[in-house]
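Undergrad: okay, predicted coordinates and the sequence, questions at the end:
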Number of protein chains: 2
Amino acid sequence: MGHEFDSHIEVTRQDEGSYAADLAPGWVVGGGVNGGYLLAVVGNALRTSLPGKPDPIAVSAYYLSASVPGPATVSVDVRRDGGSIATAAADLRQGEDARITALATYGDLGALGDDVRTTAEEPPMPPPEQCVPNTMAPPEVLAAAPLLERFDMRFHPEHVGWAVGEPSGNGVLSAWFRLADGREPDPISLLMVVDALPPVTFDLGMPGWAPTLELTAHVRARPAPLWLKVRHATRNMAGGMFEEDCEVWDSTGRLVAQSRQLARQPR
Amino acid sequence: MGHEFDSHIEVTRQDEGSYAADLAPGWVVGGGVNGGYLLAVVGNALRTSLPGKPDPIAVSAYYLSASVPGPATVSVDVRRDGGSIATAAADLRQGEDARITALATYGDLGALGDDVRTTAEEPPMPPPEQCVPNTMAPPEVLAAAPLLERFDMRFHPEHVGWAVGEPSGNGVLSAWFRLADGREPDPISLLMVVDALPPVTFDLGMPGWAPTLELTAHVRARPAPLWLKVRHATRNMAGGMFEEDCEVWDSTGRLVAQSRQLARQPR
């Protein structure tokens, strides 16, 4: 049996370097289609066009306009393909409207050395069964954010005060994460995971939609199966914008992805 | 009197969206021309092609091959220009060789609100006169890295053990920074500043050159004149790559730029 995520990110080759996608309505949130899901669609088209380099290593996406469910085209232009990595540009369009322009470097994460000298520390989290599940969201929230049905998220109890009108003000959100239908994480799905949680500005008492201007993700290892641990933080809210840093840790305790986005402050 | 930085990043319009540059030999370091300087050249071409949007807000550069001093061409393709920001792609080439491909969003940092709600804390540094100047570098280092002559850098004494064979192992470097000829910082020069210090891997006991794969910089405010405070840190060295985060603070204590790059571990 296939998983819905794989069918939702599916791309079909049209001409040389051009892929058709169908943006699924189940990923709508706020004023458009979730940016992480869109990044996974773009990432899947890139993977398809770079044989032998299946994994995103670095992806930078600039969000030009809000996407809507329905047909889209991803065009890929390979800029350099030599040695162990390749770099390509990708554009996602809907009709005449440019939605996303992106650059990415792909390679084979399985072929990298196992040498890990990280000083990053896995953020502490109570076990999933002691965390707050997204299924507890009120019906009006679920109606406005159908993408929540795609996820099994368990929020850190200390980072979920915003759900009851008591944001901590620290600018930190964290949760256990997996896809609701049990589809295991892989490097492409991590491109979605880095933008799946609510905006970290919820924890600053700003519950609105925070449109992403730019998001860069580094995928550093293929994730192990089961739960991911996702942490968002912001430090610099200024001039109507904020940065949101995201870390994704897999079930073996390895830091598998890091991302930073620049987003507009909710109004 | 003009400053050398401005003449070194100068671009001359050729055709629509195409600019000629001349990469100055004074920015050579390791196996090529400094990536931060190249980013400022690209940034200057972008600024020239986006009237009314003089400031880089987000710039993502993918480094495809090492540049050499001499002629280069920067081509700019505007992807969206509407409202207060514009997004464009830029490519730097030398002859047939693609050196850098980049995406950027520009706007007017002076028109942003003054609302600052940052929780980021300015890193402590002893005053410049109590720090270690780059002019103390041995002659063989200065010969291999002529770009050091462009800078007045004063390294935090606790982050400079690598210079005497005693790296701290913490993965942190920080320094006061300004251009040697007194040219004051601006948003374009910040694109250079985020990649001007030695690689943070020096502090991990790896003194070699660390080629950048990808670098994304966010410029969050126009910097005030005088000294900048620059801090580099890495947390995740794995699979032959590491991330390097950089913060730049201006003389008023404002966080004016944040960047992250993914680079190859020195051999």
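TA: That came in fine, so what should we check first?
Undergrad: next, find the distance separating A:E158 from A:E121.
TA: 17 Å (C-beta to C-beta, to the nearest Å). No exception for glycine: its C-beta is placed from N, CA and C like everyone else's.
Undergrad: between the two, which one's more packed in?
TA: Shown here are A:E158 and A:E121; by other C-beta atoms under 10 Å in any protein chain shown, A:E158 has more neighbours (14 against 10).
Undergrad: OK, contacts around the closest residue to the more buried one other than its chain neighbours?
TA: Distances taken as C-beta to C-beta, 6 or more residues apart in numbering or on different chains put A:S168 closest to A:E158, at 7.1 Å, once the chain neighbours are dropped. A:S168 sits next to A:E158, A:H159, A:G161, A:W162, A:D203 when contact means C-beta atoms under 8 Å, 6 or more residues apart in numbering or on different chains.
Undergrad: tell me which of those is nearest to chain B?
TA: Using C-beta to the nearest C-beta, A:D203 comes nearest to chain B of the contacts of A:S168, at 11.2 Å.
Undergrad: you'd agree that closest one is up against A:A163?
TA: No. The criterion here is C-beta atoms under 8 Å, and A:D203 misses it with A:A163 at 10.3 Å.
Undergrad: who has more neighbours out of these two?
TA: A:D203 (24 against 18).
Undergrad: what sits against the residue nearest to A:Y63 when sequence neighbours are not counted?
TA: Among residues not flanking A:Y63 along the chain, A:T212 sits closest, at 4.9 Å (C-beta to C-beta, 6+ apart). Applying C-beta under 8 Å, 6+ apart, we find A:T212 in contact with A:G35, A:A61, A:Y63, A:D195, A:Q261, A:L262, A:A263.
Undergrad: so the second one: helix, strand or coil?
TA: Of the three states, A:A61 takes strand according to DSSP: H, G, I helix; E, B strand; the rest coil.
Undergrad: how about it, what does it touch?
TA: Here A:A61 is in contact with A:G35, A:L38, A:L39, A:V42, A:I100, A:T101, A:A102, A:T212, A:E214, A:L215, A:T216 (criterion: C-beta under 8 Å, 6+ apart).
Undergrad: same thing with the last one?
TA: Neighbouring residues of A:A263 by C-beta under 8 Å, 6+ apart: A:P199, A:T201, A:A210, A:P211, A:T212, A:L213, A:M241, A:F242, A:E243, A:E244.
Undergrad: could those be laid out in JSON lines, adding distance to B:I188 and pLDDT?
TA: JSON lines is the format used below for those (distance: C-beta to C-beta, whole Å; pLDDT from 0 to 100):
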{"residue": "A:P199", "distance to B:I188": "30", "pLDDT": "91"}
{"residue": "A:T201", "distance to B:I188": "29", "pLDDT": "92"}
{"residue": "A:A210", "distance to B:I188": "27", "pLDDT": "91"}
{"residue": "A:P211", "distance to B:I188": "26", "pLDDT": "93"}
{"residue": "A:T212", "distance to B:I188": "24", "pLDDT": "96"}
{"residue": "A:L213", "distance to B:I188": "19", "pLDDT": "97"}
{"residue": "A:M241", "distance to B:I188": "19", "pLDDT": "96"}
{"residue": "A:F242", "distance to B:I188": "23", "pLDDT": "97"}
{"residue": "A:E243", "distance to B:I188": "20", "pLDDT": "97"}
{"residue": "A:E244", "distance to B:I188": "25", "pLDDT": "97"}
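Undergrad: looking at those, which is nearest A:S18?
TA: Nearest to A:S18 among the contacts of A:A263 is A:T212, at 24.7 Å by C-beta to C-beta.
Undergrad: now do the phi/psi pair for that closest one.
TA: Taking degrees, to the nearest 10, you get phi -70, psi 130 for the backbone angles of A:T212.
Undergrad: quick one on the thing from earlier: ok, the residue nearest to A:E158 to A:L204 distance?
TA: Counting by C-beta to C-beta, the gap from A:S168 to A:L204 is 9 Å.
Undergrad: what of A:E158?
TA: 15 Å.
Undergrad: okay, helices next: where are they in the stretch 1-150 of chain A?
TA: For the stretch 1-150 of chain A, the helices defined by DSSP state H, counting those that start in this stretch occupy A:4-8, A:35-49, A:139-144.
Undergrad: which helices and strands does the first one pack with?
TA: In this case it means helix A:4-8. helix A:35-49 (3 or more C-beta pairs under 8 Å, 6 or more residues apart in numbering or on different chains; DSSP states H and E).
Undergrad: so for the helix it packs on, what's the average pLDDT?
TA: Summarised as a single mean, pLDDT over helix A:35-49 is 98.
Undergrad: close to chain B, is that helix?
TA: No. Using C-beta under 8 Å from any C-beta of the partner chain, helix A:35-49 stays clear of chain B, coming no nearer than 12.8 Å.
Undergrad: CA-only coordinates of that helix in CSV, if you can.
TA: What follows is helix A:35-49, C-alpha atoms only, in CSV (Å, rounded to 0.1, in the frame of the first residue of the first chain):
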residue,chain,number,x,y,z
GLY,A,35,5.4,25.8,2.3
GLY,A,36,7.1,22.7,3.6
TYR,A,37,4.9,20.5,1.5
LEU,A,38,5.6,22.6,-1.5
LEU,A,39,9.3,22.3,-0.8
ALA,A,40,8.9,18.5,-0.8
VAL,A,41,7.2,18.6,-4.1
VAL,A,42,10.0,20.7,-5.5
GLY,A,43,12.5,18.4,-3.8
ASN,A,44,10.9,15.4,-5.4
ALA,A,45,11.2,16.9,-8.9
LEU,A,46,14.8,17.7,-8.2
ARG,A,47,15.5,14.1,-7.1
THR,A,48,13.8,12.8,-10.2
SER,A,49,16.1,14.9,-12.4
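Undergrad: roughly how far is it from the heart of the chain?
TA: 10 Å (C-alpha atoms, centre = their mean, to the nearest Å).
Undergrad: repeat for stretch A:160-177
TA: Using C-alpha atoms, centre = their mean, the offset of stretch A:160-177 from its chain centre is 19 Å.
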